[in-house]
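Undergrad: here is a sequence together with a model predicted from it:
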Amino acid sequence: MAKIDFKKELKHLYLPSAKAPSVVRVPALQFLMIDGRGNPNTSPVYSEALEALFTVSYTLKFAVKKGKSALDYGVMPLEGLWWAEDMSAFTSGDKESWQWTMMILQPDFISAEMVGEAKAAALRKKDLESIDRLRLESYEEGLCAQIMHLGPFTDEGPTIERMHRHIEEQGGKLRGKHHEIYLSDIRRAAPEKWKTVLRQPFE
């Protein structure tokens, strides 16, 4: 049975250089998404959202593997869109006012019907309160700058500034939401080895 590695197929979007920002055009991609608000470090809503996302994503993976197509693929990493009504909240440390959409990329052949079946199957095994808030949605970012950040999330500031400065040097203007892609398992890897793709749409 062949196994599809979407992270390798989309290498230009998921494995940028850490040396300097690069510019990419991100097409419409399909994600399993869930929205929320609050401090990701302390909010039970955030933890429940991640559990629902990963549970349904893995349920879909195994359903496809056991189905007629007999395809196997690796579940993609967690991603997050971050913003606040008052963007100064990101520098003031007011994480309670942060808003987020957490998401996991899904193959094009995953349908809304399949997601519904996976949600129902997941609920038969676990009591997941957040599961009804999951949705399958296409998301297109278009022109973006991105860079790999190495190290803990709390040290992202200078890397983000480099990315924003690169956009300004291109004559661009920031738009949309700050996007992060979490490539490391933070439960196992040391913080100094964490890899996070930082992405910012611009025009």
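TA: Great, that's in hand.

Undergrad: Lys66: how many residues sit nearby?
TA: Counted with other CB atoms under 10 Å, the neighbours of Lys66 add up to 10. For every residue, glycine as well, the C-beta is placed using N, CA and C.

Undergrad: please apply the same query to Ala70.
TA: The number of residues near Ala70, taken as other CB under 10 Å, comes to 10.

Undergrad: which phi and psi values does the residue nearest the centre of the chain adopt?
TA: For the chain, the residue nearest the mean C-alpha position is Glu79 (1.0 Å; CA atoms, centre = their mean). Backbone torsions of Glu79, given as degrees, to the nearest 10, read phi -130, psi 160.

Undergrad: please report how far it lies from Val56.
TA: 15 Å (CB to CB, to the nearest Å).

Undergrad: do the same with Glu129
TA: Counting by CB to CB - Glu129 and Val56 are separated by 13 Å.

Undergrad: what's the answer for Glu9, then?
TA: 22 Å.

Undergrad: which of these two has more neighbours?
TA: Neighbours were counted for Glu9 and for Val56 using other CB under 10 Å; Val56 has more, 24 against 11.

Undergrad: please spell out which residues along the helix or strand hosting the more buried one are buried.
TA: In the assignment (DSSP states H and E), Val56 maps to helix 44-66. Neighbour counts over helix 44-66 (16 or more other CB atoms under 10 Å) mark 45-46, 48-53, 55-57, 59-61, 64 as buried.

Undergrad: lowest average confidence, helix or strand, in the chain?
TA: helix 89-92 (a mean of 58; mean pLDDT, DSSP states H and E).

Undergrad: how's the protein carved up into domains?
TA: Following automatic domain parsing, the chain resolves into domains at 13-27+141-203, 29-139.

Undergrad: do you know the pLDDT at the closest residue to Pro152 other than its chain neighbours?
TA: Leaving aside its sequence neighbours, Pro152 sits nearest to Pro191 (CB to CB, 6 or more residues apart in numbering; 4.1 Å). As predicted, Pro191 sits at a pLDDT of 90.

Undergrad: how much space between Pro191 and Ala145?
TA: 25 Å.

Undergrad: comparing the two, which shows the higher neighbour count?
TA: Ala145 (25 against 12).

Undergrad: picking that back up, who are the contact partners of the residue nearest to the centre of the chain?
TA: Residues near Glu79 by CB atoms under 8 Å, 6 or more residues apart in numbering: Phe31, Met102, Met103, Ile104, Leu105, His179, Glu180, Ile181, Tyr182.

Undergrad: gap between the residue located most distally from the centre of the chain and Asp5?
TA: What lies farthest from the middle of the chain is Lys68; by CA atoms, centre = their mean that is 28.9 Å. Applying CB to CB, the value for Lys68 to Asp5 is 22 Å.

Undergrad: same question, Tyr182
TA: Tyr182 sits at a distance of 18 Å from Asp5 (criterion: CB to CB).

Undergrad: looking at those two, which is more packed in?
TA: Tyr182 (16 against 11).

Undergrad: excluding its backbone neighbours, what's nearest that one?
TA: Nearest non-adjacent residue to Tyr182, counting by CB to CB, 6+ apart: Leu78, 4.8 Å away.
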